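Asker: Just the structure for this:
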Amino acid sequence: MENELRVIISGGGTGGHIFPAISIANAIKEARPDAHILFVGALGKMEMEKVPAAGYQIKGIPARGLKRPLYSLSNISVALDYLKCKRIAKRIIREFRPNLIVGVGGYASAAIVGAGSKMGIPVLLQEQNSFAGLVNRKNAKNASKICVAYDGMERFFPADRILNTGNPIRKDISKATPEQKGEGYRYYNLSPNKKTVFVVGGSLGCRTLNECMQKAVEENTLFTEEGEYQVIWQHGKIYKNEVDSFMKGKGNSSIYFSDFIQRMDLAYAIADVVVSRAGAGTISELCVAEKCTVFVPSPVVAEDHQTHNAMALVNKGAALIVKDADAQEQLLPCIAGLLENPEKIKELETNIAKLAKKDAAATIAAECLKLAYRR
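Answerer: Take a look at the predicted model:
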């Protein structure tokens with residue numbers, strides 16, 4: 001068919017790459033229900049599970065990231081695997097016959113984007129972070145359009161190819177209505193008469209945030225039965241046994257703790273203050289939800305991109321930041337100070353709302369359609 005739309009979406013390794021990719025795929029399907037979409041990811045990584053669960057086909061390639069330091073002997077096998085990935089990528093492209101390739105970052109996209117551009121297929125890149133990832137930086141020369149979520153990305157990419165679309169987020173995230181707030185208090189069995197803190201460490205969890213929460217529970221001053229504040233504490237599945245053991249006999253009606261938060265929309269809805277790592281997708285959700293946020297960036301991600309992400313908001317008066325190394329001493333006082341200062345909470349909510357891009361997935365999908373038929 002002359003107008004047939006066939007798209008390869010490649011990348012992954014982390015939820016920060018995978019979930020935006022799925023959002024883009026969903027938006028393409030909304031615009032063109034007849035579109036054929038194939039994902040290409042790294043064998044053994046979470047995309048091989050999450051993408052099929054979202055209803056899409058995926059092919060795996062033996063892509064791996066470079067080890068640090070770069071002169072490590074183990075990178076010889078990484079390079080050999082990359083050459084193998086390039087051969088597989090060419091075969092996948094010949095068999096699937098895409099008229100567009102979307103790269104979302106992560107090492108699985110390097111071979112597909114490179115091979116596709118050499119075969120004359122238009123390429124769109126989507127960069128989630130304020131400090132561009134290595135793969136997208138390397139692939140930029142092959143891209144017709146680069147969709148970003150932060151200002152100043154001409155530091156990394158050709159300015160004439162950049163489109164600031166924001167990051168795609170889940171459809172159920174929005175500024176809370178009174179009805180959502182009511183549902184949220186009931187869902188988490190919390191009081192509508194208390195201010196709520198939402199501490200979220202990601203699906204696997206965050207040791208630093210968990211240790212700070214354990215300190216708050218031990219001190220029994222912030223989230224008490226009779227006090228004015230309550231908390232939703234998402235501690236992550238790898239810390240479940242540890243936290244369950246710690247909380248035995250220490251819980252009260254002001255503390256909701258769980259390894260996983262099924263209804264993020266309702267947790268955001270009732271949160272007066274959110275404490276979070278600074279992944280790009282999470283930040284985009286917080287902007288749309290208009291939440292007063294304290295970021296504690298992870299210090300162990302590539303090129304410290306979470307700190308760059310957080311500072312992009314802090315520099316605009318849209319969030320606060322506490323360094324991971326300082327969290328034990330500074331985080332709880334920071335939270336308490338905000339809870340006692342409703343004017344500051346309102347200021348941060350107002351400023352973060354200005355950075356929201358609510359239709360990012362649809363905007364990116366529209367660019368995909370333009371590029372697919374540009375040849």
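Asker: Mind jotting down where the strands sit in the stretch 251-375 of the chain?
Answerer: 255-258, 273-276, 293-295, 320-321 (DSSP state E, counting those that start in this stretch).
Asker: helices and strands around the last one, which ones?
Answerer: In this case it means strand 320-321. strand 293-295, helix 305-314 (3 or more Cβ pairs under 8 Å, 6 or more residues apart in numbering; DSSP states H and E). The way it works is simple: take the backbone N, C-alpha and C, and place the C-beta from them, glycine included.
Asker: pLDDT (mean, whole number) over the first one?
Answerer: Mean pLDDT, taken over the full extent of strand 293-295, equals 98.
Asker: The stretch 51-200 of the chain: helices as residue ranges?
Answerer: 75-96, 108-118, 134-139, 178-187 (DSSP state H, counting those that start in this stretch).
Asker: most tightly surrounded among those helices?
Answerer: helix 108-118 (a mean of 26; mean count of other Cβ atoms under 10 Å).
Asker: Can you check the pLDDT for the residue nearest to A132 when sequence neighbours are not counted?
Answerer: Distance criterion Cβ to Cβ, 6 or more residues apart in numbering; nearest residue to A132, sequence neighbours excluded, is F156 at 3.9 Å. Looking at F156, its pLDDT reads 95.
Asker: likewise the one 3 residues further on?
Answerer: You'll see A159 listed with a pLDDT of 96.
Asker: Tell me where the model's unsure across this structure.
Answerer: 1-2, 64-82, 375 (pLDDT under 70).
Asker: isn't A42 right up against I58?
Answerer: No. Taking contacts as Cβ atoms under 8 Å, A42 lies outside contact range of I58: 10.2 Å.
Asker: shared neighbours of those two, anything?
Answerer: M48 (Cβ atoms under 8 Å, 6 or more residues apart in numbering).
Asker: More neighbours: which of the two?
Answerer: Per other Cβ atoms under 10 Å, whichever of A42 and I58 has more neighbours is A42, with 24 against 20.
Asker: how near is the more buried one to G60?
Answerer: According to Cβ to Cβ, to the nearest Å, A42 and G60 sit 7 Å apart.
Asker: what's the answer for Q180, then?
Answerer: 38 Å.
Asker: so who does the closest residue to A111 other than its chain neighbours touch?
Answerer: Closest residue to A111 apart from its sequence neighbours, by Cβ to Cβ, 6+ apart: C85 at 3.8 Å. Taking Cβ under 8 Å, 6+ apart, we find C85 in contact with 61-63, 108, 110-111.
Asker: What helix or strand is K240 located in?
Answerer: If you go by DSSP states H and E, K240 is part of helix 240-247.
Asker: Need the contact partners of that helix.
Answerer: 210, 214, 217, 235, 255, 257, 259.
Asker: and of these, the nearest to S191?
Answerer: Using Cβ to Cβ, the shortest approach to S191 within the contacts of helix 240-247 belongs to I255, at 11.8 Å.
Asker: for the closest one, what are its contacts?
Answerer: 217, 223, 230-231, 233, 247.
Asker: Distance of it relative to D244?
Answerer: 13 Å.
Asker: How about L125?
Answerer: 42 Å.
Asker: Name the residue closest to the centre of this protein, please.
Answerer: G281 (2.6 Å; Cα atoms, centre = their mean).
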